[in-house]
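Colleague: Next come a sequence and a model predicted from it.
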Amino acid sequence: RKEVEQDPGPFNVPEGATVAFNCTYSNSASQSFFWYRQDCRKEPKLLMSVYSSGNEDGRFTAQLNRASQYISLLIRDSKLSDSATYLCVVPESSASKIIFGSGTRLSIRP
Amino acid sequence: DTGVSQNPRHKITKRGQNVTFRCDPISEHNRLYWYRQTLGQGPEFLTYFQNEAQLEKSRLLSDRFSAERPKGSFSTLEIQRTEQGDSAMYLCASRLAGGPGGGELFFGEGSRLTVL
């Protein structure tokens, strides 16, 4: 099993729709989780951190389910500018390497 | 600019040549990471440093790859005897472990390697 697995893309949804991605991780010792956004030919940038059960920031909600070892990202009222690749990021522990998922590509159409 | 900087931004080389990439992290960051990314994939972990100590190296990484961070500031990633399969974007990232903000990873813009 891969250390971090994400929903395969691409997701192609109309503007204004709600879309959700899942990410599963294998290391039960992981404590913190992140969602990064990567635009085409750009470097990844932090979108949200997830430390407890979840986190909400405007149209974006991240949830953590430790028992099932997955995190999710929900985007409401999607906008054209949300088109990007969303990367799930799981540090193995506070003192170890940081693993990225393969990314979920999202395309918002007008 | 106080972000992570990488150079060169682009490198085209012939198979068998050696290449070296440099990364200058955010100055107060104690951890530095190297990743490799190919089209359609997420960043693949290569190695990371805590100050000058290389704490972990990917088991999948060939012996042709070596990284250093001699003074705990900038880092270099060298690839010896390059192969066409080494063509990728090499990303460097830094963070302040244990600092505020949960230790967010900040990335450089990457060094794109093309091996002919």
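Modeller: All right, it came through fine. Computed from a predicted structure; not experimentally measured.
Colleague: Is chain A within reach of stretch B:109-116?
Modeller: Yes. Using CB under 8 Å from any CB of the partner chain, stretch B:109-116 reaches chain A at B:109-110. (C-beta placed from N, C-alpha, C; glycine too.)
Colleague: pLDDT on that stretch, on average?
Modeller: Averaging pLDDT along stretch B:109-116 gives 97.
Colleague: where does the nearest residue to B:Q17 once chain neighbours are set aside land in three-state SS?
Modeller: Closest residue to B:Q17 apart from its sequence neighbours, by CB to CB, 6 or more residues apart in numbering or on different chains: B:T82 at 5.6 Å. Recorded secondary structure, B:T82: coil (DSSP: H, G, I helix; E, B strand; the rest coil).
Colleague: Could you list the low-pLDDT ranges of chain A?
Modeller: Low-confidence segments of chain A, defined by pLDDT under 70, are located at A:1, A:93-95.
Colleague: could you show me where the strands are in it, in order?
Modeller: Applying DSSP state E to chain A gives strands spanning A:4-6, A:11-14, A:19-25, A:33-38, A:45-50, A:54-57, A:60-65, A:70-75, A:84-91, A:98-100, A:104-109.
Colleague: What of chain B?
Modeller: Under DSSP E, chain B gives strands at B:5-7, B:10-13, B:19-24, B:31-37, B:44-50, B:53-57, B:65-68, B:75-79, B:88-95, B:106-107, B:111-115.
Colleague: Out of the strands of chain A, which is the most enclosed?
Modeller: strand A:84-91 (a mean of 24; mean count of other CB atoms under 10 Å in any protein chain shown).
Colleague: Cool, thanks, signing off.
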